[in-house]
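A.B. asks: any chance you can model this:
(one chain, ligands or ions: 1)
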Amino acid sequence: DWTPDSFIETTIAELKAKLGNDKVVLGLSGGVDSSVAAVLLHQAIGANLHCIFVDNGLLRKDEYQSVLDSYQHMGLNIKGIDAKQRFYDALAGLTDPEKKRKAIGRVFIEVFDDAAHEVQGVSWLGQGTIYPDVIESISVKGPSATIKSHHNVGGLPDFMKLKVVEPLNTLFKDEVRRVGKALGIDPNILGRHPFPGPGLAIRILGDITPEKVDILQQADAIYINNLRSAGVYDSVWQAGAIYLPVQSVGVMGDERTYENVICLRAVESLDGMTADWCHLPYNLLAKISNEIINNVKGINRVVYDISSKPPATIEWE
Ligand code: XMP
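C.D. replies: Next up is the predicted model:
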């Protein structure tokens, strides 16, 4: 019978046999899958696992540092790379969602390839691929699609010529979480809402600037912290704030303001394929709206998205 403990035991033995003294490079995203894959590999081969965590400047507020800290705390051999400016430069002036995704994918591959080159004699690429990713290999979204579109424009980056090791590729998401729990991984990492690879770039409609990212990070942090303190975070499948490229009139004291709008999105879902908007309590929405408008400079209006998928999507881009 499948249990997390038996899975861990056999997988670590298999990884040891397969990898021996070889070196593995693995990109961590802060999400559940890559974290669980990293801890399994770490238990099998220790410091021969070289983890790379890229700050693309599009993560949630303070997420880069706190995730890096918790990975270091877990004893992983991890290198953090601040590549914010490279991503912002590549995104400057882009408004089309697919062009933004492609630019982010391209820069990620460049940054990751540079970092992988620094690991002398590496022969494997570790990945947190899970079973649904395997069967959905023709998915339009996600890192594999990014990598595919990269193929078409140029040669294969060197790290993609490595042999691939995917310790989770027989598991479903809930099994990955159970394995993560049995491995003692921080519940904050295991219970995280899904977060798209292109991050806040697809939650800022239109072009991206560091100023807009800063505003959205502040609003999003207020939103998520309130979901946590109200005890509803775990019953929401995914939530996030969206920066709308719309200005509207407001008043502050005797002054008229003309500032941007933040939209709040929260959905219930099983797998992201269909979703219903969450009926968050009005008093919670009122508190979040007040806090955002009173504290985030540049925002004078907050709206709540009451659309379900289909026909709307979860993200706005
Ligand atoms: P949609 O907006 O299509 O989102 O209803 C469904 C799920 O997919 C996530 N998503 C992405 N994840 N790269 C990703 O890694 C992407 O480009 C991307 N676009 C959407 C979204 O956050 C939701 O969980």
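
A.B. asks: quick check on the residue of the chain most remote from its centre: phi, psi?
C.D. replies: Within the chain, D254 marks the point farthest from the mean C-alpha position, 41.7 Å out by Cα atoms, centre = their mean. Dihedral pair for D254: phi -90, psi 0, per degrees, to the nearest 10.

A.B. asks: ditto for A230
C.D. replies: phi -80, psi 0.

A.B. asks: please name the nearest non-neighbouring residue to it.
C.D. replies: Closest residue to A230 apart from its sequence neighbours, by Cβ to Cβ, 6 or more residues apart in numbering: L284 at 5.2 Å. To be clear about C-beta, it is placed using only N, CA and C from the backbone, and glycine gets the same treatment.

A.B. asks: number of residues surrounding that neighbour?
C.D. replies: 14 (other Cβ atoms under 10 Å).

A.B. asks: same question, the one 4 residues further on
C.D. replies: A total of 24 residues lie near I288 under the criterion other Cβ under 10 Å.

A.B. asks: these two touch, right, it and V302?
C.D. replies: Yes. At 7.3 Å, I288 and V302 qualify as touching, with contact defined as Cβ atoms under 8 Å.

A.B. asks: overlap in contacts of those two?
C.D. replies: Taking Cβ atoms under 8 Å, 6 or more residues apart in numbering as the criterion, I288 and V302 both touch L264.

A.B. asks: skipping adjacent residues, who's closest to L91 in space?
C.D. replies: Closest residue to L91 apart from its sequence neighbours, by Cβ to Cβ, 6+ apart: I208 at 4.4 Å.

A.B. asks: that neighbour and R86: what is the separation?
C.D. replies: Distance, I208 to R86, using Cβ to Cβ, to the nearest Å: 13 Å.

A.B. asks: more neighbours: which of the two?
C.D. replies: Taking other Cβ under 10 Å, I208 and R86 do not tie; I208 has more neighbours (27 against 17).

A.B. asks: in space, what's closest to the residue nearest the centre of the chain - neighbours in sequence excluded?
C.D. replies: In the chain, the residue lying closest to the centroid (Cα atoms, centre = their mean) is F195, at 3.9 Å. Spatial nearest neighbour of F195, excluding adjacent residues (Cβ to Cβ, 6+ apart): G31 at 6.7 Å.

A.B. asks: does that neighbour touch R192 like I think?
C.D. replies: Yes. The criterion here is Cβ under 8 Å, and G31 meets it with R192 at 6.4 Å.
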